[in-house]
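A.B. asks: I would like the atomic coordinates for the input below:
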Amino acid sequence: MTDESLLQSIHVELPADTTPGIGCVGSGFIMADCHLVAYRQHGLNPVAITSRTRRNAEAVAERHSIAAVCDSVEQLCDRSDVQILDVAVPPDLQADTIRTALSRNHHLRGILAQKPLGRDFAEALQIVQLCEQAGVTLAVNQNMRYDQSVRACHHLLHTGKLGDPVLATIDMRAIPHWMPWQQRQGWVTLRIMSIHHLDTFRYWLGDPDRIFASVRPDPRTAQQFEHSDGIALYILEYDSGARASSWDDVWAGPAREGAASDIGIRWRVEGTTGMARGTIGWPDYPDRTPSTLDYTTTDSDEWHQPQWDSVWFPDAFIGPMADLLRAVETGTEPSCSGRENLATMALVDAAYLSAREHRAVAPAEISGQ
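C.D. replies: Numbering: from 1, shown residues only. Down below sits the predicted model:
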């Protein structure tokens, strides 16, 4: 395997037809600064937008040259030129938004929903079943799968370059910008940040057999609202022998209270014939800091260091929508389909149950499978 093939693996295949009209629900940061930036970079076709606040929707429409601003989800979904729905609303509003769209738009062919898909596994399952019954393709915006270093590591693993997986770790020391809607959810890290890492471990290693999680409140966020899952530590066990673990530290020391900061995300994957390590550039946003990957194998005692200029935020956000559009035009399932994502949602719920009951939990306890 050459570094050229690895570098090619970080790019997603675009749909042959980029004309399907995309209706955008939501005008917050993810939509305005990530989705629509990436879509315009690649010639996709957002045709209408709606938001809780029309003024915000109008500003985003002007910024990204979207022709129509709608007053409601209903009005947007009544448009015959909306064939794809891009849903960027809080998780507790997703099910109603998607249910409304399915009941009103008979031109709808695909939906891209934010992660987490609903409030929990049970609601995610309801959303998946609604879309399947309507014959509408559902994809989930698990966008860390499209971070360049994550995709490159996946390529190394699935081409056998690293051999059999032994240990994968992610060490996150970062202070996210929490959204106001999280206060009414009563949860913080596991469903918002850890879900990225849990899904990445599934992308790299497959579905784990059990998880053991330990959580505690984040002292900083606890001053804003009550929650249990601020700092989250967890171990994934695979009956194959592989292990994965993440430390999701959103406190990251008193960096906002006057101390010096040490912010960053590092990951490492060890196999029987190779090892890869990397960093995630996201914490530096809005600075453009590409994620990194180095790898070595038993074929050589050198470190290979492929490089790229693209970044997770916003460049990688073309991935989930391109994946959905290609699935729609080919009649196949997206790689991050709603049905596939149920395993990630079950793993997140299993982490909550594990932390609450202080025991290892199999995701099958949640999904019943």
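A.B. asks: Just the buried positions in the helix or strand bottoming out on mean pLDDT in the chain, please.
C.D. replies: Every helix and strand of the chain was ranked by mean pLDDT, DSSP states H and E. The lowest is helix 182-185, at a mean of 88. Neighbour counts over helix 182-185 (16 or more other CB atoms under 10 Å) mark 182, 185 as buried. In this view, the C-beta of every residue, glycine as well, is placed from N, C-alpha and C.
A.B. asks: Please list the residues outside that helix that contact it.
C.D. replies: Contacts with helix 182-185, where a contact means CB atoms under 8 Å, 6 or more residues apart in numbering, come from 90-92, 119, 188, 191-192, 224-225, 227.
A.B. asks: Can you show me the CA trace of that helix as CSV?
C.D. replies: The C-alpha atoms that make up helix 182-185 are tabulated as CSV, following Å, rounded to 0.1, in the frame of the first residue of the first chain:
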residue,chain,number,x,y,z
GLN,A,182,-28.6,20.7,26.5
GLN,A,183,-29.9,22.1,29.8
ARG,A,184,-33.4,20.7,29.1
GLN,A,185,-31.9,17.4,28.1
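A.B. asks: where do the strands sit along the stretch 151-300 of the chain?
C.D. replies: For the stretch 151-300 of the chain, applying DSSP state E, counting those that start in this stretch gives strands covering 165-173, 210-216, 231-237, 243-249, 264-271, 274-280, 292-297, 300-304.
A.B. asks: Spatially central residue in this structure, please.
C.D. replies: residue 142 (2.4 Å; CA atoms, centre = their mean).
A.B. asks: residues touching residue 87, list them.
C.D. replies: Contacts of residue 87 (CB under 8 Å, 6+ apart): 25-26, 94, 97-98, 101, 111-114.
A.B. asks: distance of it from residue 126?
C.D. replies: Residue 87 sits 15 Å away from residue 126, taking CB to CB, to the nearest Å as the criterion.
A.B. asks: Then residue 330?
C.D. replies: To residue 126, residue 330 is 27 Å away according to CB to CB.
A.B. asks: of these two, who's got more company?
C.D. replies: Neighbour totals were compared for residue 330 and residue 126, and residue 126 leads with 15 against 10 (other CB atoms under 10 Å).
A.B. asks: Check the contact between the more buried one and residue 94; I expect there is one.
C.D. replies: No - look at residue 126 against residue 94 with CB atoms under 8 Å: they stay out of range, at 10.2 Å.
A.B. asks: got any residues that touch both of these two?
C.D. replies: Residues within reach of residue 126 and of residue 94 at once, by CB under 8 Å, 6+ apart, are residue 118.
A.B. asks: all helices of the stretch 101-250 of the chain, in order?
C.D. replies: All helices of the stretch 101-250 of the chain, identified by DSSP state H, counting those that start in this stretch, fall at 121-134, 148-158, 182-185, 189, 195-205, 219-222.
A.B. asks: which of those is buried the deepest?
C.D. replies: helix 189 (a mean of 27; mean count of other CB atoms under 10 Å).
A.B. asks: which residues make contact with it from outside it?
C.D. replies: Residues outside helix 189 that contact it (CB under 8 Å, 6+ apart): 215, 218, 229-232, 248, 250.
A.B. asks: Ok, which of the strands of the stretch 151-300 of the chain comes nearest residue 361?
C.D. replies: Set against residue 361 and scored by CB to CB, the strands of the stretch 151-300 of the chain come closest in strand 210-216, at 5.9 Å.
A.B. asks: what about that closest one, average pLDDT?
C.D. replies: Per-region confidence: strand 210-216 scores 98 on mean pLDDT.
A.B. asks: Repeat that for stretch 227-235.
C.D. replies: For stretch 227-235, mean pLDDT is 96.
A.B. asks: May I have that stretch as CSV, with CA atoms only?
C.D. replies: The C-alpha trace of stretch 227-235 is given here as CSV (Å, rounded to 0.1, in the frame of the first residue of the first chain):
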residue,chain,number,x,y,z
HIS,A,227,-25.9,16.8,34.8
SER,A,228,-24.0,13.6,35.5
ASP,A,229,-22.0,12.9,32.4
GLY,A,230,-19.5,15.8,32.3
ILE,A,231,-16.2,13.9,32.3
ALA,A,232,-16.6,10.4,30.7
LEU,A,233,-14.2,7.5,30.8
TYR,A,234,-15.0,4.2,29.2
ILE,A,235,-13.6,0.8,28.0
